[in-house]
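Asks: Please find the sequence and the predicted model below.
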Amino acid sequence: MSEEKKSENNQWKKVLFAKKKHGALQMTKEELLACECFSKDYMSFLNIAKTEREACTKVESLLQEHNFIPFTPGMALKVGDKIYQNNRGKSIIAAIIGTAPITEGVRLCAAHIDSPRLDLKQNPLYEDNELALFKTHYYGGIKKYQWTAIPLSLHGVIIKADGTKVTVNIGEAEADPVFCVTDLLPHLALEQMKRSSSDIIRGEELNLLVGSMPFKKDEESESVKLNLLHILYEKYDITESDFVSAELEAVPAFPVKEIGFDRSMIGGYGHDDRVCAYPALRALLDSNTPQHTAVVILTDKEETGSDGNTGLCSSYLKYFIEDLADCFGEKGRHVLHASQCLSADVNAAFDPTFPDVMERNNCAYLNHGVCVTKFTGARGKSGTSDASAEFVGTIRQLLDTENVVWQTGELGKVDGGGGGTVAAYIANLDVDTIDVGVPVLCMHAPFEVVSKIDVYMTYRAFFVFMAS
Ligand code: MN
Ligand code: MN
């Protein structure tokens, strides 16, 4: 090919080909610095918000620091007012009233703050051969074998017989003990290794080791269990039957860490979906009075299908918007119809070790920015809300204009499995909704991996969206 022809080809390529580029090559020095600062804040958030309750508590205190006040239906609201509604300590909605009439809709950012984990059963404690253990029931989709032989901490609440609440958080502080699920040594695992891989560790084998000392050298049976209950009685003033009205969650006890010699990634428990929840919250906290009322909803129960009164299949979001509309003498459904939503959840990042599950032209890559996903679902797009081309166009134009590094990607190959998000439940309320989120490696594992650039660009996407 002649030189002239070659350069003509290159010119047309520049014009016509879609560009795929590492985020760092699209960012300024200042942006990379801001990205670094943002990741530090996110990492501290992740360390202290390991459950939906802890995330909700931390978010509420940050909102209060930024002058958000509890919303009460019927309250007088004006432009610039900052409000929030805490739903049962497990999910939270916050909003800043915009300059435009409420009937022009809200800019809604949604993410979830529950993560896969091991919940204690309601009658958890037993002793077997002088070891004390807790029975668990896993929450969300996990590879059970990943949850053995790692340090776990215990978080949650116990409601005692008299109704008082005890908050539990043990295994996080340097001096705290931790717990673990035991696994079989390889030497004796011959039969275990013949099990199918989904069965290598069974649900009823996820037993948490919590003690081994007898009560005051007593030789009676179950004296290790007695000793355990005595420790819990002294520490929390509880008895065995109080577990019935408790929600105790075992989660990985290790702290969040930077990954790589270049420290470009973050490893930790519960990125899914606090890696979207924290940027959404921060974008709201950093917002000036927006044109459209900006709303952030951080929900619970996504990992078990969004049912229940703190999940997005419940009506609590709809009721909030209705109450908000009432404050201005308007109808909630008119507000919803005019609203737009970025429904944020993590997406699967391309993993070079397991390339076969991905279709390389349509999957998310680490460091290529916030991932915009037109549709999710399984098989023939089952369970997706499928954003319209018009709405994708709106979001695309916004992100490009504001220099947000973004990519598009879907969750793996067609018929490779699939999954859904809360986007459909919000879209079902008559809201223009699209999935966005951070690409993750080892999703749902005790230690998930994200890139700092993608986290920062997700924050930027929320920020410019709420300002639009
Ligand atoms: Mn998720
Ligand atoms: Mn998930």
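Replies: Good, I have the coordinates. Ligands and ions are numbered 1, 2, ... in the order given.
Asks: ranges for the helices of the stretch 201-350 of the chain?
Replies: Using DSSP state H, counting those that start in this stretch, the helices of the stretch 201-350 of the chain run over 223-236, 271-285, 316-327, 332-338.
Asks: The second one near ligand 1 anywhere?
Replies: Pointing back at helix 271-285 there. Yes - applying CB under 5 Å from the ion, one finds helix 271-285 touching ligand 1 at 272, 273. (Each C-beta comes from the backbone N, C-alpha and C, glycine too.)
Asks: Out of the helices of the stretch 201-350 of the chain, flag the one nearest residue 104.
Replies: helix 332-338 (5.5 Å; CB to CB).
Asks: Partner strands of the biggest strand by length in the chain and their direction?
Replies: For the chain, the strand with the greatest residue count under DSSP state E is strand 117-128. Here strand 117-128 has these sheet partners by DSSP bridges: strand 131-139 (antiparallel), strand 246-252 (antiparallel).
Asks: which of the ones you listed sits most buried?
Replies: Highest mean neighbour count of these: strand 246-252, a mean of 22 (counted as mean count of other CB atoms under 10 Å).
Asks: For the residue nearest the centre of the chain, which non-adjacent residue is spatially closest?
Replies: By CA atoms, centre = their mean, the chain has its centre lying nearest to residue 273, at 1.4 Å. Leaving out its chain neighbours, the residue that sits closest to residue 273 by CB to CB, 6 or more residues apart in numbering is residue 112, at 4.5 Å.
Asks: Residue 102 and residue 425, how far apart?
Replies: 22 Å (CB to CB, to the nearest Å).
Asks: What residues does the residue of the stretch 1-150 of the chain found nearest ligand 1 make contact with?
Replies: Among the residues of the stretch 1-150 of the chain, residue 112 lies nearest to ligand 1; the distance is 5.7 Å by CB to the ion. Each residue near residue 112 by CB atoms under 8 Å, 6 or more residues apart in numbering is listed here: 273, 276, 277, 298, 299, 300, 301, 302, 303, 312, 345, 422.
Asks: Please identify, among the residues you listed, the one with the most neighbours.
Replies: Compared across these, residue 277 has the highest neighbour count, 32 neighbours, by other CB atoms under 10 Å.
Asks: What's the local residue count around the nearest residue to that one once chain neighbours are set aside?
Replies: Excluding its sequence neighbours, the residue lying closest to residue 277 (CB to CB, 6+ apart) is residue 111, at 4.0 Å. Applying other CB under 10 Å, we find 31 residues neighbouring residue 111.
Asks: In terms of helices and strands, where is residue 111?
Replies: strand 106-112 (DSSP states H and E).
Asks: partner strands of that strand, parallel or antiparallel?
Replies: strand 293-299 (parallel), strand 340-344 (parallel).
Asks: contacting residues around the last one?
Replies: Counting by CB under 8 Å, 6+ apart, strand 340-344 makes contact with 105-111, 273, 276-277, 279-280, 391, 394-395, 421-423, 426-427, 431-437, 458, 461-462, 465, all of which sit outside it.
Asks: The longest one now?
Replies: Under the contact criterion CB under 8 Å, 6+ apart, strand 293-299 has outside partners 55-56, 59, 91-98, 100, 102, 106-113, 277, 280-281, 283-284, 287, 306, 310-312, 317, 321, 324, 422, 462, 466.
Asks: Swap in 6 Å and give it another go.
Replies: Contact with strand 293-299 is made by 91-98, 106-113, 277, 280-281, 284, 287, 312, 317, 466, as judged by CB atoms under 6 Å, 6 or more residues apart in numbering.
Asks: swap in stretch 170-183?
Replies: With CB under 6 Å, 6+ apart, stretch 170-183 has contacts from 147, 148, 149, 151, 152, 153, 154, 206, 208, 209, 210, 253.
Asks: My understanding was that the residue nearest to residue 277 contacts residue 272; is that so?
Replies: No - with contacts defined as CB atoms under 6 Å, residue 111 does not count as touching residue 272, sitting 9.9 Å away.
Asks: Which residues of this structure lie near ligand 1?
Replies: Counting by CB under 5 Å from the ion, the residues of the chain close to ligand 1 are 272, 273, 345.
Asks: possible to save these as a markdown table with pLDDT?
Replies: A markdown table is the format used below for those (pLDDT from 0 to 100):
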| residue | pLDDT |
| --- | --- |
| 272 | 97 |
| 273 | 97 |
| 345 | 97 |
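Asks: Can you name the element that comes right after the lowest-mean-pLDDT helix or strand in the chain?
Replies: Ranked by mean pLDDT, DSSP states H and E, the weakest helix or strand in the chain is strand 418-419, scoring a mean of 84. Counting by DSSP H and E, the next helix or strand C-terminal to strand 418-419 is helix 423-427.
Asks: ok, and what's touching that next one?
Replies: Contacts for helix 423-427 (CB under 6 Å, 6+ apart): 312, 313, 341, 343, 385, 433, 435.
Asks: just stretch 263-271 next, same as before
Replies: 46, 50, 115, 251-252, 256-257, 259, 440, 446-451.
Asks: Drop anything exposed from those.
Replies: Buried members of the contacts of stretch 263-271, scored by 16 or more other CB atoms under 10 Å, are 46, 50, 115, 251-252, 256, 259, 440, 446-451.
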